[in-house]
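S.K.: Just to be clear, the model below is a prediction. Sequence and coordinates:
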Amino acid sequence: MRGAVFLCATFLFLCAIFAVEAELAPPRFRPAVLGSGPTSLVNQIDTQDLFKKGQKEGAIMFCCRVATTGEVVWYATYLPVPGSDLLEKEVRKRLDKARLAPAIYQYKPVEVLFYGTVFFSVVDGKPRLQIFANQEAAELKAANDFIGPQPVIGADSKFTGLHYPAERMPVLVKGLVRLALKVDVAGKVQELRAVSEEPPLLGLSRAAISDFDHAKFIPAFRDGDPVESSVLLPVPYEPE
């Protein structure tokens with residue numbers, strides 16, 4: 001009798017373990033997200049210090065490369081709203097030490113580019129910070145729960161990062177290309193074209209198309225579910 005009870009208890013114990021493992025199985029896709037721990041970017045930014053230094057209304061966009069550990073290994077900031085110098089400096093400082101929740105592609109952790117927008121405001125005499133995981137004007141205006149598509153580095157994606165075309169540049173300057181991009185719910189690119197480049201006529205659009213040719217993406221997520229999306233993807237180029 002005692003042996004039967006032991007076997008029954010062992011069986012129930014193993015069933016419980018396997019059930020937990022099944023629950024923890026990784027999803028097919030999961031975008032990199034800011035997270036909520038002490039090393040999250042939203043918790044790293046010192047809003048009170050910005051307020052004391054005189055930062056008013058401000059906004060800045062950024063792109064960062066997120067490793068499979070969640071560490072930020074590269075970043076760029078761009079398109080600041082006038083008067084956002086203090087905010088941009090603070091965002092760059094905190095990105096150096098920030099850690100995000102890493103992305104999952106085809107059930108495995110991967111490196112990705114994360115695109116975010118930071119808003120700073122003063123409401124009723126108190127600083128307010130908001131960070132969104134996309135850079136689409138309509139989505140930001142409505143404050144939607146929308147995460148833009150994230151280019152995958154590795155796995156079956158041919159994207160290996162951004163490559164500044166130094167050998168073709170008469171002068172080494174910072175630049176920004178906007179790509180019109182359509183990504184389906186499985187992360188495959190359906191449309192890809194350059195719609196603008198600053199400065200013009202330096203070959204940055206050609207570099208961006210080359211970098212993203214045959215790239216795979218974590219699809220966009222809306223309200224927690226993967227969706228097809230059409231976005232304008234900023235591609236920042238900076239000389240090393």
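M.R.: Structure received. Numbers count the residues shown, from 1 in each chain.

S.K.: helices and strands around the strand with the most length in the chain, which ones?
M.R.: Determined from DSSP state E, the single longest strand within the chain is strand 108-123. On a contact count with 3 or more CB pairs under 8 Å, 6 or more residues apart in numbering; DSSP states H and E, strand 108-123 meets helix 47-53, strand 58-66, helix 85-95, strand 103-105, strand 126-132, strand 150-153. C-betas here are computed from N, CA, C, even on glycine.

S.K.: tell me the secondary structure for V177?
M.R.: strand (DSSP: H, G, I helix; E, B strand; the rest coil).

S.K.: I'd like to know how far the closest residue to R206 other than its chain neighbours sits from Y237.
M.R.: Ranked by CB to CB, 6 or more residues apart in numbering and with sequence neighbours excluded, the top spatial neighbour of R206 is P165, at 7.6 Å. Distance from P165 to Y237, counting by CB to CB, to the nearest Å: 8 Å.

S.K.: For the closest residue to P109 other than its chain neighbours, give me phi and psi.
M.R.: Computed as CB to CB, 6+ apart, the closest residue to P109 that is not its neighbour in sequence is T68, at 4.1 Å. The phi and psi values for T68, taken as degrees, to the nearest 10, are phi -70, psi -20.

S.K.: In terms of position in space, what residue lies nearest the middle of the protein?
M.R.: By CA atoms, centre = their mean, the chain has its centre lying nearest to F114, at 1.6 Å.

S.K.: what's near enough to touch S157?
M.R.: S157 is in contact with Y105, V110, P151, H214, A215, K216, F217, counting by CB atoms under 8 Å, 6 or more residues apart in numbering.

S.K.: Could you give the bridge partners of the third one?
M.R.: P151 has the following beta-bridge partners by DSSP bridges: F217.

S.K.: sorry, back to before: quick one, what contacts the residue nearest to P109?
M.R.: Going by CB under 8 Å, 6+ apart, T68 touches P102, P109, V110, E111.

S.K.: Look at it and report its pLDDT.
M.R.: Looking at T68, its pLDDT reads 97.

S.K.: What separation do you get for it and A103?
M.R.: 8 Å.

S.K.: joint contacts of these two?
M.R.: Jointly contacting T68 and A103 under the rule CB under 8 Å, 6+ apart are P109, V110, E111.

S.K.: Now name the helix or strand holding R193.
M.R.: For R193, the element it lies in under DSSP states H and E is strand 189-198.

S.K.: rewinding a little: for the shared contacts of T68 and A103, pick the one with the most neighbours.
M.R.: In terms of neighbour count, E111 stands highest of the shared contacts of T68 and A103 at 25 neighbours, by other CB atoms under 10 Å.

S.K.: didn't it look like it was pressed against R65?
M.R.: Yes - between E111 and R65 there is a contact at 6.4 Å, judged by CB atoms under 8 Å.

S.K.: and for these two, which residues touch both?
M.R.: By the contact definition CB under 8 Å, 6+ apart, E111 and R65 are jointly contacted by V73, I153.

S.K.: residue contacts, R92?
M.R.: Contacts of R92 (CB under 8 Å, 6+ apart): Y75, T77.

S.K.: Report the separation between it and V42.
M.R.: With distances taken as CB to CB, R92 is found 15 Å from V42.

S.K.: Same check on F221?
M.R.: Look at F221 and V42: by CB to CB, they are 18 Å apart.

S.K.: cool, K126 as well?
M.R.: K126 is 16 Å from V42, by CB to CB.

S.K.: Neighbour count for those two, which is higher?
M.R.: Taking other CB under 10 Å, K126 and V42 do not tie; V42 has more neighbours (17 against 10).
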